[in-house]
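A.B. asks: Quick one, fold the following:
(chains A, B and C, ligands or ions: 1)
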Amino acid sequence: MPELPEVETTKNDLIDLGFIGQEIVDFKCHWDNILENDTCQNFKSFLVHEKLLKLWRRAKYIVFELSNSKYLVVHLRMTGQFAKPKLDYEHLKHEHVHIQFEDNRWLVYKDTRKFGKFTIVSDIDAYFKHLGPEPLLDSFTDKIFDQCLGKTKGNIKSRLLNQLVVAGLGNIYVDEALYLSHILPTRMVKDVKPFERKLLRKSIQKVLSDGLDNMGTSLGTGEGNYLSVSGRRGQNKQRLKVFRREGLECFDCKSIILKVKLASRGTHYCPKCQS
DNA sequence: AGTGATGTTCAGGG
DNA sequence: TCCCTGAACATCAC
Ligand SMILES: [Zn+2]
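C.D. replies: Numbers count the residues shown, from 1 in each chain, chains lettered A, B, ... in the order given. Below you'll find the predicted structure:
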């Protein structure tokens, strides 16, 4: 269930697989709903003979830039991941998309819950136009963040989960950033003061860059657990201060971390450090 | 065994 | 405009 650090790590690991510069020679899909805007046959005829020029990320999307000036955009949603490439084609459980490159290796997309999406995009700027700013760029300033947050009616957590406000945050890193900022997730956006907005912007960058340094957060061991390319675990779980720590002591004040439901999501906070 | 929860997003409706 | 709900699915912990 990848957020920005997990998607960035996956993208970086995909680059390391060495497919850039190669032509796509075959394409198979076994679950049509993963293909967003066309049939498997059309994806295949569109992709085959095109060269992979670049791999990059925007928000939680991975972009495969192709030689026909078009883009294969992949969203991992909850459980999407890329398996270790293999020379011989096989179709294992939970594997839904297979892309073969000219060195004959198959790039394998697996997705336990099948929520992931592959989309062919022509106008990439238009496709991403609605998204909020990239929080790890220098252009993500206090002023920009303040403008994006606005003074809207709802609570701060829901606001931060909205990809149109800030791109790339998800449930883990929102809870963590709010903890570092001493702000309760339930606080109304309009009640988040200017100095708190500055601290929140810094905290967002802190939790995301720490997450990235640790190659993402792998929480469990089951099928739905986040893993980067070839099944490598992220190491960021040990750094989490509140997420999935309900019932345990706050590292700062020793209060018991609480968990409630907010924005239809499990939400973790310290009742003493956050207000 | 049944029930609710799970790291995402989208559409629909109040 | 904003947010809640349900849906898209499979697995896991009670
Ligand atoms: Zn505390």
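A.B. asks: Just the strands from the stretch 1-150 of chain A, written as ranges.
C.D. replies: A:24-29, A:52-58, A:61-66, A:71-75, A:80-86, A:95-101, A:106-111, A:117-121 (DSSP state E, counting those that start in this stretch).
A.B. asks: Relative to DNA strand B, which of these is closest?
C.D. replies: DNA strand B sits nearest to strand A:71-75 of all the strands of the stretch 1-150 of chain A, at 6.0 Å, using Cβ to the nearest atom of the strand. Just so you know, the C-beta spots here come from the backbone N, C-alpha and C atoms, and that holds for glycine as well.
A.B. asks: would you list the strands of the stretch 1-150 of chain A in CSV and tack on distance to residue A:240?
C.D. replies: Shown next, in CSV, are these (distance: least, Cβ to Cβ, whole Å):
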stretch, distance to residue A:240
strand A:24-29, 35
strand A:52-58, 22
strand A:61-66, 24
strand A:71-75, 24
strand A:80-86, 20
strand A:95-101, 30
strand A:106-111, 24
strand A:117-121, 27
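A.B. asks: Switch the ones you listed over to JSON lines; also include mean neighbour count and distance to residue A:271.
C.D. replies: Listed next are the strands of the stretch 1-150 of chain A as JSON lines, based on neighbours: other Cβ atoms under 10 Å; distance: least, Cβ to Cβ, whole Å:
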{"stretch": "strand A:24-29", "mean neighbour count": "18", "distance to residue A:271": "48"}
{"stretch": "strand A:52-58", "mean neighbour count": "17", "distance to residue A:271": "36"}
{"stretch": "strand A:61-66", "mean neighbour count": "21", "distance to residue A:271": "36"}
{"stretch": "strand A:71-75", "mean neighbour count": "21", "distance to residue A:271": "35"}
{"stretch": "strand A:80-86", "mean neighbour count": "20", "distance to residue A:271": "35"}
{"stretch": "strand A:95-101", "mean neighbour count": "22", "distance to residue A:271": "43"}
{"stretch": "strand A:106-111", "mean neighbour count": "22", "distance to residue A:271": "37"}
{"stretch": "strand A:117-121", "mean neighbour count": "19", "distance to residue A:271": "38"}
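A.B. asks: got those strands as a markdown table, with mean pLDDT columns?
C.D. replies: Shown next, in a markdown table, are the strands of the stretch 1-150 of chain A (pLDDT from 0 to 100):
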| stretch | mean pLDDT |
| --- | --- |
| strand A:24-29 | 98 |
| strand A:52-58 | 98 |
| strand A:61-66 | 98 |
| strand A:71-75 | 97 |
| strand A:80-86 | 97 |
| strand A:95-101 | 98 |
| strand A:106-111 | 98 |
| strand A:117-121 | 97 |
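A.B. asks: Between these, which one is closest to residue A:206.
C.D. replies: Nearest of these to residue A:206, taken as Cβ to Cβ: strand A:52-58 at 19.3 Å.
A.B. asks: Neighbouring strands - and their directions - for the closest one?
C.D. replies: Applying DSSP bridges, strand A:52-58 is found paired with strand A:61-66 (antiparallel).
A.B. asks: rewinding a little: export the strands of the stretch 1-150 of chain A to CSV and tack on distance to DNA strand C?
C.D. replies: Listed next are the strands of the stretch 1-150 of chain A as CSV, based on distance: least, Cβ to the nearest atom of the strand, whole Å:
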stretch, distance to DNA strand C
strand A:24-29, 13
strand A:52-58, 20
strand A:61-66, 16
strand A:71-75, 11
strand A:80-86, 12
strand A:95-101, 10
strand A:106-111, 9
strand A:117-121, 10
